[in-house]
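>>> how does the following fold in three dimensions:
(chains A and B)
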Amino acid sequence: EPEVTQTPSHQVTQMGQEVILRCVPISNHLYFYWYRQILGQKVEFLVSFYNNEISEKSEIFDDQFSVERPDGSNFTLKIRSTKLEDSAMYFCASTVGLAGGWEQFFGPGTRLTVL
Amino acid sequence: AQSVTQPDIHITVSEGASLELRCNYSYGATPYLFWYVQSPGQGLQLLLKYFSGDTLVQGIKGFEAEFKRSQSSFNLRKPSVHWSDAAEYFCAVGDSSASKIIFGSGTRLSIRP
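Residues are numbered from 1 along each chain as shown, chains lettered A, B, ... in the order given. Below you'll find the predicted structure:
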């Protein structure tokens, strides 16, 4: 069964460093998303991406964050200068489209630890 | 604005007992509703979804949920829980634009042997 994959599974970085989290969505999917979950808290929406541009973003997704689909398969989340409060589990998700309803398939997550 | 409320932070039930997890949503139009399950340290697995049609939806692992528009609720049920059902359960709401899903704060389910 097709699945969303994410790398790395765990990333440790120093405060102020740039990190790139990588995702490979399901191959025929057209909509892509990033969410985060701070330890013990709920899952929060960060950004959605469709047709090579951001569809919607939350207030969390400030100028320190960016997303990119550099090729036909990868979808990345970049944090330019990490802060301690960026420590969280980051989930990538994708969905095929709107026709007939939609559901988001989530990857296993990348745990980001900022020291 | 869309929002989801899961009033129960933690529920403990005995193995074999029935289960109901509560979810209330706030949304102006027709909501798209989801239940996801998350085992410790794992990702999110979709249990079931409601978009339209029959208000009682069946999902995986023997779960079902009922959409009640008049009560703005989408409660999750299972007639007999198993120890492997211990996990965090998230209710979520979206809309037809597929722009995002808004999650509730989750209900942690523990199973008493």
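>>> state the distance from the most centrally placed residue in chain B to chain A.
Nearest to the geometric centre of chain B sits residue B:35, at 3.5 Å (CA atoms, centre = their mean). The gap separating residue B:35 from chain A is 11 Å, by CB to the nearest CB, to the nearest Å. For glycine as for every other residue, the C-beta is placed from the backbone atoms N, C-alpha and C.
>>> correct me, but that residue touches residue B:93?
No - Residue B:35 sits out of contact with residue B:93 when judged by CB atoms under 8 Å, with a separation of 10.8 Å.
>>> does residue B:77 lie in a helix or a strand, and which?
Here residue B:77, judged by DSSP states H and E, is contained in strand B:73-78.
>>> show me what the helix or strand just after that strand is packed against.
Using DSSP H and E, the helix or strand that directly follows strand B:73-78 along the chain is strand B:87-94. Helices and strands touching strand B:87-94, by 3 or more CB pairs under 8 Å, 6 or more residues apart in numbering or on different chains; DSSP states H and E, are strand B:3-5, strand B:32-38, strand B:73-78, strand B:101-103, strand B:107-112.
>>> could the ones you listed go into a markdown table alongside mean pLDDT?
Converted to a markdown table, the helices and strands packed on strand B:87-94 look like this (pLDDT from 0 to 100):
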| stretch | mean pLDDT |
| --- | --- |
| strand B:3-5 | 94 |
| strand B:32-38 | 94 |
| strand B:73-78 | 98 |
| strand B:101-103 | 92 |
| strand B:107-112 | 96 |
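>>> report the distance from stretch B:45-52 to the chain centre.
Offset of stretch B:45-52 from its chain centre (CA atoms, centre = their mean, to the nearest Å): 9 Å.
>>> and for stretch B:15-22?
12 Å.
>>> same question, stretch A:82-100
How far stretch A:82-100 lies from its chain's middle: 4 Å, per CA atoms, centre = their mean.
>>> and stretch B:98-108, by the same measure?
Centroid separation for stretch B:98-108 versus its chain: 9 Å, with CA atoms, centre = their mean.
>>> again with stretch B:21-39
Taking CA atoms, centre = their mean, one finds stretch B:21-39 lying 6 Å from the centre of the chain it belongs to.
>>> quick one: end-to-end length of it, please.
One end of stretch B:21-39 to the other measures 16 Å (CA to CA, to the nearest Å).
>>> now stretch A:77-84
17 Å.
>>> so is it next to chain B?
No - counting by CB under 8 Å from any CB of the partner chain, chain B has no neighbours in stretch A:77-84; the shortest distance is 14.9 Å.
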